[in-house]
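Novice: Dropping the sequence and predicted coords here.
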Amino acid sequence: MSGQGEELPTVGELADLYLGNLLYSLELTSLTLDDQGKEPEAAFYRGIARKLAEAHGRASRSRGQPPVKG
């Protein structure tokens, strides 16, 4: 899988790298569930996305990075 001595990324590093993609996927899942009339399930996935986004914001502030606008 990897070369000798190559460090594999941690779950946290991968989540940070692909956070935008993950948030998009979670919102798309939520929209689909909304369309299917499954509002509680949609809210569950939106809650996960909110927690990930909030955690990213806290981590960014602790590293002294300016907040992302958008």
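Specialist: Looks like it arrived, so ask away. Treat the numbers as computed from the prediction; the structure is a model and nothing was measured.
Novice: Let me see the residues that make contact with the longest helix seen in the chain.
Specialist: Looking across the chain with DSSP state H, the single longest helix is helix 39-62. Contact with helix 39-62 is made by 15-16, 19, 22-23, 26-27, 29-31, 33-34, 66-68, as judged by Cβ atoms under 8 Å, 6 or more residues apart in numbering. The C-beta positions use only the backbone N, C-alpha and C, and glycine is treated the same way.
Novice: One more pass at 6 Å, please.
Specialist: Applying Cβ atoms under 6 Å, 6 or more residues apart in numbering, the contact partners of helix 39-62 are 19, 23, 26, 29-30, 33-34.
Novice: quick one: which of these sit in helices?
Specialist: 19, 23, 26, 29-30, 33-34.
Novice: Pipe those residues into CSV and attach pLDDT and distance to Tyr45 per row.
Specialist: What follows is the ones in helices among the contacts of helix 39-62, written out as CSV (pLDDT from 0 to 100; distance: Cβ to Cβ, whole Å):
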residue, pLDDT, distance to Tyr45
Leu19, 96, 15
Leu23, 97, 10
Leu26, 98, 5
Thr29, 98, 5
Ser30, 98, 5
Leu33, 98, 7
Asp34, 98, 10
